[in-house]
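Participant: Starting from these lines, generate the structure:
(chains A and B)
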Amino acid sequence: MGSPTGFIKHAREEAPKRPVSERVKDFAEVEQPLSEERLETQAARCMDCGIPYCHMVGCPVRNLVPDFNDMIYRHQWRRALELLHSRNNLPEITGRICPALCEASCTLSINQKAVTIRQIELQIVERGWKEGWIQPEPAAVKSGKRVAVIGSGPAGLVAAQQIARAGHDVVVFERDEHPGGILRYGIPDFKLEKRFIDRRLDQMRGEGVVFETGVEAGVDISARYLLRSFDAVLIAIGARAPRDLKIPGRDLKGVHQAMEFLTQQNRINEGVAVPEDRRISAAGKNIVVVGGGDTGADCIGVCRRQGAAEIQQIELLPQPPAGREADNPWPTWPRILRTSSSHEEGCARLWSIGAKEFVGDAQGRLKKLRCVRLDWSAPDASGRATFKEIPGSEFEIKAELALLAMGFVHPEHGPLVQDLALALDERGNIKVTPRLATSTEGVFACGDAVMGASLVVRAIDMGRTAAEAVNAHLAR
Amino acid sequence: MPEEPDQRRCDRSGRPLPTGLYHPAQDHDSCGVGFVAYLEGKPRHSIVEQGVRVLMNLEHRGALGGDKSTGDGAGLLIQIPDDFLRRECKGARIQLPAMGEYAVGMVFLPTDAALASACVEAVERAARAEGVELLGWRKVPVDARTLGELARSTQPEIRQLFLGRGSIPAEAFERKLYLLRRAAEKTVGALHADASQFHIPSLSSRTLAYKGMLTATQLPEFYPDLRDPALASAFAIVHQRYSTNTFPMWRLAQPFRMLAHNGEINTLRGNINRMRAREPLLASPLFGPDLEKLKPILQEEGSDSAILDNLLELLVAGGRSLPHAMMMLVPEAWGGKYMMAEDKRAFYEYHAAIMEPWDGPAALVFTDGRYIGATLDRNGLRPARYTVTRDGLVVMASETGVLDIPGDKILSRGRLQPGRMFLVDLEQHRIIPDSEIKAKVSRQRPYRHWVKDNRIELRGLLAPSHIPSEDPEVLLRKQHAFGYTEEELKMVIAPMAIRGQEAIGSMGNDAALAVLSERPQILFNYFKQLFAQVTNPPIDPLREELVMSLMSFVGRERNLLVETPEHCRQLKLHHPILTPEDMLRLRSTRRPEVVARDLDMLFPANGGGKELGEALEEMFERAEKQIAEGATLLVLTDHHMDERHAAIPALLAVSGLHHHLIRKGLRTSAGIIVETGEAREVIHFAMLLAFGANAICPHVAFSTVRELTEMGMIETAATHDDAMDAYITAVKKGLLKTFSRMGISTIRSFVGSQIFEAVGLGPELIEKYFSTTVSRIGGIGLEEIAGEVRARHARGFPPSGRPARLLDVGGTYHARQGGEKHLWSPDAIGMLQQSVRMNDERLFKDYVRLMNDQSRAHVTLRSLFQFRARSPVPLDQVESVEKILPRFASAAMSFGSISKEAHEAIAIAMNRCGARSNSGEGGEDPARYVRLPNGDNLCSRVKQVASGRFGVTTDYLIHADELQIKISQGAKPGEGGQLPGDKVSAEIARVRHTTPGVTLISPPPHHDIYSIEDIAQLIYDLKSANPKARISVKLVSEVGVGTVAAGVAKAKADMVLIAGHDGGTGASPLTAIKHTGLPWELGVAEAQQTLIANRLRERIRLQTDGQLRTGRDLAIAALMGAEEFGFGTPLLVTLGCVMLRKCHMNSCSVGVGTQDPALRARFAGKPEYVERFLRFVAQDFREQMAALGFRSVDEMVGHVEVIDPTPAQAHAKTRHLDFTALLKPAEPLNGGARRCVRAQEHEVGRSMNAELLRLAEPALERREPVEVNLPIHNVDRTVGATLSGEIIRRFGSRGLPVDTVKLNFKGSAGQSLGAFLAPGITIRVEGDANDYLAKGLSGGRIILVPPAEAAFVAHENVIVGNVVLYGATGGEVFIAGVAGERFAIRNSGASAVVEGVGDHGCEYMTGGVVVVLGPTGYNFAAGMSGGIAYVYNEAGFFDTRANLDMVDLESVWSEQDRARLRGLIEEHQRATGSLRARNILENWDASLPLFVKVMPIDYRKSLERMKMGEDRDKETVSATEEVYHG
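Facilitator: Numbering: from 1, shown residues only, chains lettered A, B, ... in the order given. Below is the predicted model of the structure:
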């Protein structure tokens, strides 16, 4: 706001990206910041709406978007940072990887381009890190109560921070070698460099959060130990069980779950030595990515950087339209064709495709994927559309590496879940009350473990809610 | 045998008992008033006859009740008719001593014989006790045959009482009579039976009153005495009442004992409280200990005028002269802008320390038997015209022409000017002018020295040392504890400190009522400001600022009945906002008259209601003690709040203390100063003042301004002091705005006025701490208030120790998650838009469910309503959607506030549905009167007539099925519409007849409606211009709206619209959006109950609007009494509005609320969307009807018993709400109806206009010239309007060629002569004319000349009344004489020549040319943004009295100007034969240099821009800015 006519005078300007030819050579971030002056101009486009849809319906953490936009317009960076942190513990993460639901519901996007909210958020927090404004905020008074947080993905981290700031002792148990979960291992570096996680972890350590890595709860430590040693336990183990593609040839060499592939590259980038024989490499290969979502796109970007030959991405659903359809009005999430930076780096995208069979060579190595084109019906009264295979439309995609990026089904139902005797819902997620209590007294759960795989920003929101619930529980 | 009054409803005098929402304390009255007197002082019967005739000629200013034959009241006050009484007494065997030796009382007695004798006994006993000799009683003969049913049912037994002076000294006799009357009144008042009919209209040795619940015509019929030739008097004061009281009463007829009043006292509540507080101090050597017998001085059950009469009686009996007392009670404005004698100014300043003004529109006529006087309020809001004849007859009345006086007999004609007085002295046989009266009074004591030597100026006190700024952490804690929000910092406080004025917002208020909100509310939020509508006008505090004042004296008051220099030895404050430095000065001074003592308003931070109550009690006790110890200023402070001590809400502490001290008789012993962190918004300061504070130091608000300055939020301020100054300026301006909304001019009468209504506060709380404040649905008490304080306090002092660094988000103005609840959720808007776009009724039902959802909504009162189970009817038996649609109307949204595209889409949709679209107040492009090729109709069926009269031409009026008089608007009752300069495009300026780029602020009042009888006149005007249109009046809900609605019904409106406080707006100050007006549920219920009780409901339709969203809302409105429904915001939402709330900034990004062509291009709405919404909602309404068992809306209207009075429970705060009164079923009286079943009987068809239509037939049929010669009288009103309407209807807006119809009249023309006169008609009047001449002139010509045979000098005599040319858009007027106040107000195109004008000439003018060949009053050209005026500035003082804020003065040098001016004067001379004009023209070279050209600055800029071919200029400074910073 600030300037009531900012949106009339100024066009949307997005953050620049490094040129494709340069960026595919490394794993460094693709996006670059805008100058602060230009960013302030972008903030001036915000209309400070009577009903700010960005904040009211768009943003899951209810970021006070119009307010920080106004502050940026008025050069009040530090207050803006404070405001941002009042709703979101990890703005440097959402500022990089959030699909920006806020921008989809920005009232400007009714008939022109939305305010660059995500970019503004990112630059506010980055300025804060640069200036040293972001420091540990340890609780003034300690309660002496102890909380175990299982899992260090976004939900777990945020909850841990909020609980620690309320004065409780928090131990975060993480089975991987470093905290961060999906942020660290699932998201490629060219979207989120891991140093950004590390500095936040340092802040949390400064606030008293203890990270126990390489410890798998339920395996390395027992459920009973947890219940006995802590006043509350918060499960934030994500939804790690991937959806599989049960078609012939699934067992061929060269068919992998996307997450195996992405995680491995991130580990390599961190300097972890991965033995050659266990390496999944795209170098020189033809790739097929099954699944048209964000994970699929991430795979494309990594394959490109590994030196893949040709990359094809197939999707079961039809190609979305370029703009909103009449039944998909603002401010609902637009079901439109999105092109990620990875897509820009080169790949073919095929829609309405069903995968029929992985075909391998004699050595059991993948050679191609047999596919069929689908015919989607119009949605019925309940909004459900069905598809039919188009007879005679079968074709093959040449591929030496297939990456399955079809989403996740639910959390892993390992010993922890079993030993804590946590009830599950019909989809296999951990069942919780509205206040995020599980079926076991003193045990709470949040994040993807509860809602199934979803956005980081939702995990952050739920992490905060869980912290409130745990804090309230401890205050009883 | 008179019928028994309905005992369930009223006492025997007809005074209604409080029932439902109707409360008799809300009554108002207004009327016609006048007197006739012979200077020679000899009594004659002809005076009485003339008095009666005056009354009859004022009859149209009175009103009739629901039975159509009961007058609201008429009466006559005369000298004691000695001869007549002597004769009568002889017959009754009563021995009368000589004239002057006896007194006569007019006594109303109960009809019940036993009770009557008890009253007689009481009077006689009182007489005996005072040593007054009882001479006897005379039964006054009456003839009740012509009385109306209501009057007859309460008619008292009427007798005259004769008392002898005996040995009592002559000068003491009146005081004895006063004492004995009070004693008798008190004795009767203490009787157990209902003796309410008892009343003593007069008891005096000098005057006698005949009055009753009568019409003027009935008065002499009812009292045969008045027809007796022996009944003689040298004067007669007359009064014709128009009561907005639904139950007029015999005793409230006027004149009262000393005065008759046309107007209303706006500040009554405060005046009464202050008087009650003064009573203990009263002492008078004239009364001695007897004084106690007079108490209470004021009889509070009387009308405002009656109460004023009570006080006047005391002051005069206490030794002040009548003029002196009147000058105290109704002082003229004496601010710096007025040129006046220093002694007089000092007189007023001195009295400012003694008596607050009884403020409001007032024409007062008063007498003590020797002097007959009249005075006007400071604003001149009532007319008073007089004629003096050569044989010494003086006639003064609300209108001229009330007596036929031959032209050659007239000596002079004049008018009372604002604040002026005029006195007829029957002993000196002369008229004493204002200057002489006031010079004498103001020099009778050395007031000037007294004031100079005694008043204590703040800056004269010790200068303080530097005060350090508040520690940031302490400030943060306090901000939390007082409930400051980030939103307030940005949207309320910062704008004040930046712009020096309140922030503007737009769209409606859809946030939850305080009592329904689940967030802790500050106590201020439970109150809504009341405002003036119809019975009195709001003031324009900007353009008429000169009458406003923030000056007051604070400290210890003294005995009202004596005068000493010490009376003004008080602290003089120029305004009520004190800085911390000021507080230090007050606290550290050692002056014995300024003894400031602190009272902590704190209570234990963990305390509940009990602890809060105890802390208050303790505070009250300490206050009493401090007063006893000599404190003259009590400083309530919350400065010392800390972890353990929370602040008592300042309003509670102040009001509680104020009422406590009133009850203890100590309130005038000390001033109350509040030092609070809670107050930050304008309305907070206003509330503190209205509930008793004298001054306020908002310490946290000041620190916050400082903090914001340091943060760089106040871009405009170089230093903290600049920001602070701007903030204080904003508060001051906002206070004036707040006063003016209620028609109050000065802080002295605003303090303690309690012009607020509480919503959601419980009766115990109100009674104890906010006594007599209206709170109609019960609600919370101390316990809940303490709870809310605790919740806030805990945020400032949390258990964890560290308060949050950011304040609460707020969400009151703009939605925020976790903030305040709003009716419009983003989901609801999305669903509604999608449902109408896709024509998807299922989705609409989702929207309805969301809106109605009881578990979430709870924003409005109706959300707590529950229906009682009734047997449903099948849906197919319920009347169809098509039948329901005609009951729908679009809310008035002007072309200007919304875009052309949006405005036209709504008009098309409403017309397609057979519903009503409303033009709003911005006029309408005549191109829209032509149908589109596809048959669509862009013409708004409802045309609004608002105070700005933008584009209100005859053509506009006749293209309407309904003409709507907008009195108030939910978003900003008490102020005018506002259109920011950015939105005034060339096209809009054309349609509105204004200047592009110049901000338009409509006047707060209609300048032709200052009183209830005026709205009857405007209705008559509109009906005359377009007899086919129904006339509606738009009001806003507030307590008393029912009585106003009744008045409007009596004024013959066909429909009354009760809008809720929450309606939308294109631009309005945030205070007005949030804090004024009340929910429509309260207003509709009150209107319905009052109209039914008065049998008026059956002839007026009732519409409501204000956040109506679903069929459930409509069902509730219908059950409560509404038969029509208006929609505003939802229509805009269907057209794309997503509540950006940017209408006032012209930056609506969806093209709805903007005039920016680029943004308008984004408009994506379609008429179909609006249509679908209306059909969906009608269908939803049908389903509700079916479920509730109603087959039609008519069947349903008024069946409020279907709603359960037990509110649904939302949360702890709603537990105490009580809807019993709100939902009290109003049973129609026998034969009455609960909805409109018959049309009003309009009288326009029987007026002179009907005759003119007939006479003008050759012109109408064949365009042939017609000339008509007729006499004219003041009862011939709005002459020419019907013919004008007909001409435009037949020949289009260009009418007929000049002079086709010539109407020549002789006599005194009634009000609104030549209103809306069309081209082709010329009216010439030889004589004079009343108010509103040439109202809305649309191209006709009017010539006004004095009687040919008159001997007086035309240009020295008043020939026409006030408010000439209001809203004129074209035509010419030539007036050979002087006009009253507000000449050419809002003229936007007519040319006029006049020979002198009163105050406020050319106010708000936007076009046309005015030539004034004589003197001008104060405030000429205020708010003038267009057109040109040429003023003959002979005395050279023009610029000292004019308002130069928006205009430049130039000489008339250009050839073009000279030619235009000369041409107009020549034309004037030709048309009127003016001597004045001839003299000027004959000495042209000498005269020309004396002319001043008044040129609006914006107008010149605009002309220059137009020359450069450029329509808009963003750089233009808006009018508001210009004036505020001027």
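Participant: show me what contacts residue 269?
Facilitator: This is for chain A. By CB atoms under 8 Å, 6 or more residues apart in numbering or on different chains, residue A:269 lies in contact with A:27, A:189, A:194. Where you see a C-beta, it was placed from the backbone N, CA and C, and this is true even at glycine.
Participant: actually it's chain B I care about, not the one you picked
Facilitator: Residue B:269 touches B:752, B:753, B:754, B:755, B:772, counting by CB under 8 Å, 6+ apart.
Participant: again, 6 Å this time
Facilitator: Residue B:269 sits next to B:753, B:754 when contact means CB atoms under 6 Å, 6 or more residues apart in numbering or on different chains.
Participant: Which of the three states applies to it?
Facilitator: helix (DSSP: H, G, I helix; E, B strand; the rest coil).
Participant: before we move on, what about residue B:192?
Facilitator: Assignment for residue B:192 (three-state DSSP): coil.
Participant: Count the neighbours of it for me.
Facilitator: Per other CB atoms under 10 Å in any protein chain shown, the neighbour tally for residue B:192 reads 5.
Participant: before we move on, the earlier item: between the contacts of residue A:269, which has the most around it?
Facilitator: residue A:189 (21 neighbours).
Participant: Give the helix, strand or coil label for the residue nearest to that one when sequence neighbours are not counted.
Facilitator: Nearest residue to residue A:189, sequence neighbours excluded (CB to CB, 6 or more residues apart in numbering or on different chains): residue A:27, at 4.1 Å. Classification of residue A:27 by three-state DSSP places it in coil.
Participant: Residue A:27 is in contact with residue A:192, isn't it?
Facilitator: No: using CB atoms under 6 Å, residue A:27 is not in contact with residue A:192, being 10.6 Å away.
Participant: Just give the nearest non-adjacent residue to the closest residue to chain A within chain B, would you?
Facilitator: Using CB to the nearest CB, the single residue of chain B nearest to chain A is residue B:1141, 3.1 Å away. In space, and not counting its chain neighbours, residue B:1141 is closest to residue A:50: 3.1 Å by CB to CB, 6+ apart.
Participant: Report how many residues lie close to the closest residue to residue B:217 other than its chain neighbours.
Facilitator: For residue B:217, ignoring the flanking residues on the chain, the nearest one in space by CB to CB, 6+ apart is residue B:56 at 5.9 Å. Other residues near residue B:56 come to 19 when the count uses other CB under 10 Å.
Participant: Residue numbers of chain A in contact with chain B?
Facilitator: A:4-5, A:47, A:49-51, A:53, A:56-57, A:62, A:82, A:86, A:107, A:111, A:140, A:329 (CB under 6 Å from any CB of the partner chain).
Participant: that older thread, how near is the residue of chain B closest to chain A to residue B:999?
Facilitator: From residue B:1141 over to residue B:999 the distance is 19 Å, taken as CB to CB, to the nearest Å.
Participant: again, but for residue B:867
Facilitator: 47 Å.
Participant: Between these two, which has more neighbouring residues?
Facilitator: residue B:999 (24 against 15).
Participant: pLDDT at that one, what is it?
Facilitator: At residue B:999, the model reports a pLDDT of 85.
Participant: was I right about it contacting residue B:978?
Facilitator: No: counting by CB under 6 Å, residue B:999 sits too far from residue B:978 to count as a contact (7.4 Å).
Participant: on that earlier part again, and the two most separated of the residues of chain A next to chain B?
Facilitator: Within these, two members stand farthest from each other by CB to CB: A:111 and A:140, at 48.9 Å.
Participant: more crowded one of these two?
Facilitator: Using other CB under 10 Å as the criterion, residue A:111 and residue A:140 rank with residue A:111 on top: 16 against 10.
Participant: Quick one: residues contacting the more buried one.
Facilitator: When contacts are taken as CB under 6 Å, 6+ apart, residue A:111 is in contact with residue B:1162.
Participant: again with the one 5 residues further on
Facilitator: The neighbourhood of residue A:116, defined by CB under 6 Å, 6+ apart, consists of residue A:42.
Participant: So residue B:33 belongs to a helix, correct?
Facilitator: No: applying three-state DSSP, one finds residue B:33 to be strand, outside a helix.
Participant: Who is it paired with across the strands?
Facilitator: Beta-bridge partners of residue B:33, counted by DSSP bridges, are residue B:239.
Participant: Against residue B:1357, how distant is it?
Facilitator: 22 Å.
Participant: For these two, work out which one has more neighbours and name it.
Facilitator: Higher neighbour count among residue B:33 and residue B:1357: residue B:33, with 33 against 22, using other CB under 10 Å.
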